[in-house]
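>>> Coordinates for the following, if possible.
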Amino acid sequence: MKKKPSRLISAIKKEPVDQIPIWLMRQAGRYLPEYRVLRSKSRNFLDLCYNVDLATEITMQPVKRFDLDAAIIFSDILIIPFAAGSEVKFLPEKGPVLSKIMSVKDVERLNFHNLSDRLQPVYQIVKQTRKDLSNEKAVIGFCGAPWTIASYMIEGGSSRDFSVIRRFALENPKTLKILFEELERCLANHLVAQIAAGADAVQIFDSWAGVLSDSNFKKLSADPIRRICRTVKQVYPDVPIIVFPRLAGIRYEQFVSSKYIDALSLDQTIPCRWAAKQLQSKIAIQGNLDPIFLLSGGSNMLVEVERICDTFSNQNGFVFNLGHGVIKETPPENVQILCDFIREKFQRINK
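All right, here's what the predicted structure looks like:
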């Protein structure tokens with residue numbers, strides 16, 4: 001017998017729901033004391049991502065603590081270049097450091113073939129999470145977008161302005177095209193494999209979409225994402241895909257017309273009224289509390305949460321989330337207060 005769709009999946013499909021679904025980007029992580037306990041049991045971050053038992057438990061931690069509507073798999077977008085043979089390290093207080101892509105020869109030295117074989121632990125985590133999670137909760141798989149992953153690979157890590165890859169895109173378009181083609185194929189396969197393992201929905205993170213010029217945005221962000229979504233939908237047409245083109249501004253509209261994208265995750269810079277009118281009328285919306293409000297908590301947070309809910313809950317197709325990930329210093333009690341408030345608020349709306 002086919003299971004009933006979760007509240008999250010129903011909302012993404014713009015169907016009526018009994019309350020606003022809630023999940024948070026980076027909901028499993030350093031702000032939770034139970035995460036820090038498990039992190040201490042692993043040699044490094046990537047080892048933790050590949051440890052099926054520990055990563056599954058970490059994935060489940062925020063759902064158990066806050067009764068969230070979805071569990072997003074504990075992993076990282078950079079497992080793709082890591083699996084392809086790139087050196088990837090996560091350094092304390094600095095973040096990811098990668099071996100740089102400087103030329104087409106650097107791309108050719110990587111092995112993008114059969115990545116799914118090297119990523120089997122990730123799919124086992126998805127499978128185990130789906131098994132452990134109740135049916136009314138959704139499992140979310142994810143990947144990075146080609147532009148964001150290429151940014152890390154060419155910059156050699158994070159950056160203040162991503163000037164290296166922006167210049168690279170202008171001066172080495174053929175090399176970037178070769179890298180993008182490899183990434184698009186691998187990322188589509190990665191999402192398909194997560195769905196096959198039990199993911200109910202997937203999200204594509206284009207965290208650095210906002211640094212692109214308007215002339216390059218369609219070519220390097222919107223079009224590659226659409227091609228990935230099309231490939232996934234050819235295999236799993238009914239599984240929702242969420243796209244997060246962070247800091248894209250009004251260019252979010254470029255994703256609305258795609259029949260392969262089901263929801264857009266909004267960053268905190270997007271005006272809610274504009275998004276409700278221009279985006280939510282056509283596609284489901286996810287977002288978009290500034291994580292700073294969650295970090296600060298108190299009445300400021302609740303006023304902002306209420307403003308967001310009031311704007312988006314008048315239409316079907318709304319999932320509450322943040323405009324970016326949970327900040328590591330966030331008190332867990334603030335997350336609990338937020339969840340309780342939204343559930344009570346939605347009930348008041350319907351009375």
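>>> what bits of this structure have low per-residue confidence?
Within the chain, the segments meeting pLDDT under 70 span 1-3, 347-351.
>>> now the lengthiest helix in the chain, how far from the centre of its chain.
Ranked by residue count under DSSP state H, the longest helix found in the chain is helix 173-197. Distance of helix 173-197 from the chain centroid (Cα atoms, centre = their mean, to the nearest Å) equals 16 Å.
>>> what comes up buried for it?
175-176, 179-180, 182-195, 197 (16 or more other Cβ atoms under 10 Å). (Each C-beta comes from the backbone N, C-alpha and C, glycine too.)
>>> So which elements touch the helix or strand following it?
Downstream of helix 173-197, the first helix or strand assigned by DSSP states H and E is strand 201-206. Applying 3 or more Cβ pairs under 8 Å, 6 or more residues apart in numbering; DSSP states H and E, we find strand 201-206 packed against helix 7-12, strand 138-144, helix 146-155, helix 173-197, helix 223-235, strand 241-245.
>>> Which SSE is immediately downstream of the first one?
Yep, that's helix 7-12 we're talking about. Next in sequence after helix 7-12, counting helices and strands by DSSP H and E, comes helix 33-39.
>>> List the buried residues for stretch 195-210?
195, 197-210.
>>> swap in stretch 324-337?
Buried residues in stretch 324-337 (16+ other Cβ under 10 Å): 324-327, 330, 334-335, 337.
>>> from those residues, which two are the most distant?
Longest distance between any two of the buried residues of stretch 324-337 is 19.5 Å, between H324 and I337; criterion Cβ to Cβ.
>>> and the residue nearest to A201 when sequence neighbours are not counted, what is it in contact with?
With sequence-adjacent residues excluded and distances taken as Cβ to Cβ, 6 or more residues apart in numbering, A201 is closest to P240, at 4.4 Å. Counting by Cβ atoms under 8 Å, 6 or more residues apart in numbering, P240 touches 9, 12-13, 200-202, 262-263, 284.
>>> re the thing from before, I'd like the helices and strands packed on strand 201-206 written out as TSV, with distance to Q315 added.
Converted to TSV, the helices and strands packed on strand 201-206 look like this (distance: least, Cβ to Cβ, whole Å):
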stretch	distance to Q315
helix 7-12	11
strand 138-144	20
helix 146-155	29
helix 173-197	27
helix 223-235	23
strand 241-245	17
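>>> For R343, which of those is the nearest?
Across the helices and strands packed on strand 201-206, closest to R343 is helix 7-12 (Cβ to Cβ), at 11.2 Å.
>>> Remind me what that closest one packs against, helices and strands.
strand 138-144, strand 201-206, strand 284-289, strand 318-322.
>>> What is the last one packed up against?
Going back to what we said before, that points to strand 318-322. Using 3+ Cβ pairs under 8 Å, 6+ apart, strand 318-322 sits against helix 7-12, strand 284-289, helix 298-312.
>>> now the angle between strand 284-289 and the very next helix or strand once past it, please.
Next along the chain after strand 318-322, taking DSSP H and E as the criterion, comes helix 332-349. Inter-element angle recorded for helix 332-349 and strand 284-289: 130 degrees (by axes from the mean of the first three to the mean of the last three Cα atoms, to 10 degrees).
>>> gap between helix 332-349 and the chain center?
With Cα atoms, centre = their mean as the basis, helix 332-349 stands 22 Å off its chain's centre.
>>> got it, and stretch 40-54?
20 Å.
>>> in that stretch, what counts as buried?
Within stretch 40-54, the residues that qualify as buried are 45-46, 48-52, 54, counting by 16+ other Cβ under 10 Å.
>>> Kindly export that stretch (C-alpha atoms) in PDB.
This file holds the C-alpha atoms of stretch 40-54, laid out as PDB (Å, rounded to 0.1, in the frame of the first residue of the first chain):
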ATOM      1  CA  SER A  40      34.600  13.600  19.000                       C
ATOM      2  CA  LYS A  41      34.400   9.900  18.000                       C
ATOM      3  CA  SER A  42      35.600  10.600  14.400                       C
ATOM      4  CA  ARG A  43      39.100  11.500  13.200                       C
ATOM      5  CA  ASN A  44      37.900  14.200  10.900                       C
ATOM      6  CA  PHE A  45      34.800  15.700   9.300                       C
ATOM      7  CA  LEU A  46      34.900  13.600   6.100                       C
ATOM      8  CA  ASP A  47      35.400  10.400   8.100                       C
ATOM      9  CA  LEU A  48      32.200  11.300  10.000                       C
ATOM     10  CA  CYS A  49      30.300  11.900   6.700                       C
ATOM     11  CA  TYR A  50      31.300   8.300   5.600                       C
ATOM     12  CA  ASN A  51      30.500   6.700   8.900                       C
ATOM     13  CA  VAL A  52      27.100   5.200   8.300                       C
ATOM     14  CA  ASP A  53      26.100   4.600  11.900                       C
ATOM     15  CA  LEU A  54      27.300   8.000  13.200                       C
END
